[in-house]
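# no FASTA, just this:
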């Protein structure tokens, strides 16, 4: 597991989650992450987290 800082600045362990995707989708995600100035991993986590929040879950 990767140890990172969460939103409150405290260290937390995060499990690694992988996903298989079409090359075109991966390329689009890499481009969007670069435009946002963050890593692909952080970008994907943000996209998934926003999706979760959009469903009324937290």
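Nice, thanks for sending it over. These numbers were taken from a predicted model, which means no experiment stands behind them.

# Give me the neighbour count for residue 48.
12 (other Cβ atoms under 10 Å). The C-beta positions use only the backbone N, C-alpha and C, and glycine is treated the same way.

# element containing it, please.
helix 40-54 (DSSP states H and E).

# Now do that helix: which elements does it pack against?
Contacts defined by 3 or more Cβ pairs under 8 Å, 6 or more residues apart in numbering; DSSP states H and E place helix 40-54 against helix 23-36.

# average pLDDT for the helix it packs on?
The average pLDDT for helix 23-36 rounds to 97.

# Now do the buried residues in the helix holding residue 48.
43-44 (16 or more other Cβ atoms under 10 Å).

# where's the spatially most central residue of the chain relative to residue 54, distance?
When Cα atoms, centre = their mean is applied to the chain, the residue found nearest the centroid is residue 45 (1.6 Å). Using Cβ to Cβ, to the nearest Å, residue 45 is found at 15 Å from residue 54.

# do the same with residue 38
From residue 38 to residue 54 the distance is 20 Å (Cβ to Cβ).

# Then residue 22?
For residue 22, the distance to residue 54 equals 23 Å [Cβ to Cβ].

# swap in residue 17?
For residue 17, the distance to residue 54 - Cβ to Cβ - is 19 Å.

# Kindly report the same for residue 27.
Taking Cβ to Cβ, one finds residue 27 at 24 Å from residue 54.

# got it, and residue 43?
Distance, residue 43 to residue 54, using Cβ to Cβ: 16 Å.

# got it, and residue 32?
17 Å.

# Check residue 41 and give its pLDDT.
93.
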